[in-house]
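Enquirer: next comes the sequence, and after it the predicted model I'd like to discuss.
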Amino acid sequence: MAYYLQIAATLIAIYIQHGCKPAKRYPNWDPFLGLDAFVLFGIKAIQGKSSIEYRKLQLKYGPTFTMKRLTKASFIQTSSSKNIQAVNTTKFDDWSVGPSRQDIAIPFMENGIFTDDGESWKRARALVRPTFTRAEVADLEHFEKHLGRFLELIPKDGSMFDLQDLSRRLFLDTSSEFIFGQSIQSLLPQTPAETFEFMKAFDYSLLGLGLRLVSGPFLPLFFFDPTWKRAYTKVHRFMDKNIKIALERRRKIVETGEDTEAQGVRKPYILLNQMVLDTQDVFSLRAQIINIFFPARDTAAYAFSNAMFELARHPKVWDELRAEVSQIGDSKLTFELIKNLKVAKAIVNETLRLHIPATRLSRTALRDTILPVGGGPDQLSPLFVPKGTYIEMDINALHRDPKIWGGDALEFNPLRWAKGRTLWEARWEYLPFGGGIRMCPAQPMALAQVTYLLVRMAQEFKAVENRDHVSEYVEEIKMTVSSRNGVKISLVPA
Ligand code: HEM
């Protein structure tokens with residue numbers, strides 16, 4: 001009894017000292033487990049509309065409120081940029097990426113930059129930073145080699161094809177080359193059977209992880225399902241094999257002193273080469289690599305194919321892109337040149353505002369902490385957050401907030417960027433790559449690649465047409481968000 005009185009007294013003191021007020025609550029019908037919200041969002045996910053539904057709640061209950069959704073304790077939903085900024089900067093040490101990325105994901109993902117916190121996360125981040133921060137990561141020459149194969153696979157007779165699927169294969173090849181130093185060649189006519197097996201196993205591993213993440217108290221039921229383990233074991237074996245090949249290649253280079261750069265051939269940047277300087281242990285290399293391959297796998301592919309999804313529905317914007325690209329002439333498409341293309345950049349920014357691969361970012365409080373806003377009926381007072389509280393940061397709702405983006409917040413309108421709104425101005429209101437200390441380390445590389453691809457498409461094709469009878473974007477959530485109907489288009493060669 002004395003213990004509980006002491007806790008109550010401490011809480012009251014904190015509330016008074018910081019002016020905290022309680023958060024608004026979502027009116028769960030089931031106040032114990034929030035089964036109602038689980039069913040609602042399950043149905044919406046099946047319909048491909050869960051982001052729309054979460055946004056509706058944000059508009060109805062305000063940017064920060066608590067709810068239950070197959071959880072014993074209430075958790076926080078927020079699209080407040082002040083709260084998101086605090087979690088990612090000033091209060092960074094109070095929050096962990098667990099349990100979603102840890103307790104549940106570890107068997108598949110193991111420990112690395114994506115799943116770790118604290119000192120081991122810092123070490124993992126320090127390990128990859130040098131590779132990502134070098135301008136050369138936007139190694140567009142090497143990207144072009146894969147792009148050639150990608151362009152060959154696009155029908156030139158105006159027939160319909162799914163660009164999303166093709167883009168995934170393009171980025172699978174480029175990212176595997178960047179990570180291992182050798183592409184897994186999914187775009188080649190004779191794609192190795194092993195590559196298909198790997199892609200299938202990786203997709204199933206993601207699905208298995210996703211199902212476990214939403215299962216709440218029913219997680220133990222998955223104990224009897226061996227299929228997930230089988231799938232991620234295949235992924236691990238594939239990774240191990242590629243790591244061993246990369247290590248062997250590296251060993252030979254070191255032994256023979258053979259250096260292509262010295263012979264005037266510029267080498268592409270290879271992440272694994274950076275990592276083997278730190279360790280040559282296959283198990284820990286695999287853990288680090290899988291933690292990068294996972295967020296790299298589809299994100300940039302979806303960013304590009306989503307841009308084409310919108311361009312196929314906005315032919316005027318496509319024409320503006322073509323007009324800008326025609327000014328380039330025969331100049332080499334360098335990182336610098338790409339960075340200065342206003343229309344292309346605006347298209348990428350706007351696509352990543354409306355369609356983000358990670359619509360919601362989650363964390364768990366490692367200790368009692370305070371969020372700057374969200375308390376009280378007006379949600380402007382600080383909010384006390386007890387240790388263990390789970391928070392979901394709704395980036396999709398933030399990116400579609402009419403108070404920030406205006407009455408046309410739901411419209412694809414790249415002009416809003418071209419006409420002066422800079423990324424810097426929208427700092428904590430525009431977060432496709434997250435923000436602050438844990439922000440995506442690959443942002444410059446991903447942006448350069450996606451913009452480069454758009455430019456190359458505009459050079460190669462004079463028109464893009466939507467060939468899907470469903471006009472709106474129906475989302476498919478499998479850890480990352482994509483278009484359920486793919487991106488069915490046809491292209492007219494220039
Ligand atoms: C358009 C493409 C991409 C988008 C929109 C994107 C977005 C994100 C987001 C939202 C996060 C989570 C930040 C957080 O938890 O606060 C993240 C983390 C991460 N991303 Fe990306 N990403 C993209 C491409 C890539 C690529 C191509 C790679 C690797 C080659 C990559 C590697 C990572 C890594 C390693 C992390 C974990 C960082 C950490 O926890 O310290 N991403 N990304």
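Expert: Looks like it arrived, so ask away.

Enquirer: please make it C-alpha for all contacts and neighbour counts, starting now.
Expert: Will do.

Enquirer: let me know the pLDDT of residue 249.
Expert: You'll see residue 249 listed with a pLDDT of 78.

Enquirer: and it, how far from residue 276?
Expert: 12 Å (Cα to Cα, to the nearest Å).

Enquirer: what is the neighbour count of residue 345?
Expert: Residues lying near residue 345 (other Cα atoms under 10 Å) number 24.

Enquirer: next up, the contacts around it.
Expert: 339, 451 (Cα atoms under 8 Å, 6 or more residues apart in numbering).

Enquirer: which SS state does it fall under?
Expert: Assigned state for residue 345: helix (three-state reduction, DSSP: H, G, I helix; E, B strand; the rest coil).

Enquirer: need the phi and psi values for residue 95.
Expert: Main-chain torsions, residue 95, degrees, to the nearest 10: phi -120, psi 150.

Enquirer: okay, now it: neighbour count?
Expert: By the criterion of other Cα under 10 Å, residue 95 has 24 neighbours.

Enquirer: wait, it sits on residue 364?
Expert: Yes: at 5.5 Å, residue 95 counts as touching residue 364 under the criterion of Cα atoms under 8 Å.

Enquirer: next SSE downstream of the helix or strand harbouring residue 283?
Expert: Element membership of residue 283, judged by DSSP states H and E, is helix 282-296. As assigned by DSSP H and E, the chain's next helix or strand after helix 282-296 is helix 299-313.

Enquirer: that following helix and the ligand, are they touching?
Expert: Yes: Helix 299-313 reaches the ligand (Cα under 6 Å from any ligand atom) through 299, 300, 303.

Enquirer: as JSON lines, those residues with neighbour count and pLDDT would be great.
Expert: As requested, the residues of helix 299-313 next to the ligand are exported to JSON lines (neighbours: other Cα atoms under 10 Å; pLDDT from 0 to 100):
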{"residue": "299", "neighbour count": "19", "pLDDT": "94"}
{"residue": "300", "neighbour count": "24", "pLDDT": "94"}
{"residue": "303", "neighbour count": "25", "pLDDT": "97"}
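
Enquirer: give the contact list for residue 489.
Expert: When contacts are counted by Cα under 8 Å, 6+ apart, residue 489 touches 160, 161, 162, 163, 309, 312, 464, 465, 466, 467, 468.

Enquirer: need the pLDDT of residue 260.
Expert: 54.

Enquirer: count of neighbours near residue 418?
Expert: By other Cα under 10 Å, 18 other residues sit near residue 418.

Enquirer: isn't it right next to residue 343, touching?
Expert: Yes: with contact defined as Cα under 8 Å, residue 418 and residue 343 form a contacting pair (6.3 Å).

Enquirer: does whichever residue of the stretch 1-150 of the chain sits closest to the ligand belong to a helix, a strand or coil?
Expert: Of all residues in the stretch 1-150 of the chain, residue 114 sits closest to the ligand, at 4.3 Å by Cα to the nearest ligand atom. When classified by three-state DSSP, residue 114 comes out as coil.

Enquirer: quick check: nearest residue in space to it, chain neighbours excluded?
Expert: Leaving out its chain neighbours, the residue that sits closest to residue 114 by Cα to Cα, 6 or more residues apart in numbering is residue 291, at 5.3 Å.

Enquirer: how far away is the one you found from residue 243?
Expert: Using Cα to Cα, one obtains 14 Å as the distance from residue 291 to residue 243.

Enquirer: go on, residue 164?
Expert: Computed as Cα to Cα, the residue 164 to residue 243 distance reads 28 Å.

Enquirer: can you check residue 94 too?
Expert: Counting by Cα to Cα - residue 94 and residue 243 are separated by 35 Å.

Enquirer: those two: who's more crowded?
Expert: Of the pair residue 94 and residue 243, residue 243 is the one with more neighbours under other Cα under 10 Å, namely 24 against 19.

Enquirer: please point out which parts of the helix or strand containing that one sit buried.
Expert: Applying DSSP H and E as the criterion places residue 243 in helix 227-256. Judged by neighbour count (16 or more other Cα atoms under 10 Å), helix 227-256 contains these buried residues: 228, 231-236, 238-240, 242-244, 246-247.

Enquirer: same question for stretch 481-489.
Expert: 481, 482, 483, 485, 486, 487, 488, 489.

Enquirer: the first one and residue 360 touch, don't they?
Expert: When you say that, I think you mean residue 481. No: with contact defined as Cα under 8 Å, residue 481 does not count as touching residue 360 (10.0 Å).

Enquirer: hang on, the earlier thing: for the buried residues of helix 227-256, which one is nearest residue 142?
Expert: Distance ranking of the buried residues of helix 227-256 against residue 142, using Cα to Cα, places residue 246 first at 17.9 Å.

Enquirer: list the contacts of the closest one.
Expert: The contact partners of residue 246, taken as Cα under 8 Å, 6+ apart, are 180, 181, 182, 272, 273.

Enquirer: mind checking pLDDT for it?
Expert: On the pLDDT scale, residue 246 gets 80.

Enquirer: distance check, it against the ligand.
Expert: 17 Å (Cα to the nearest ligand atom, to the nearest Å).
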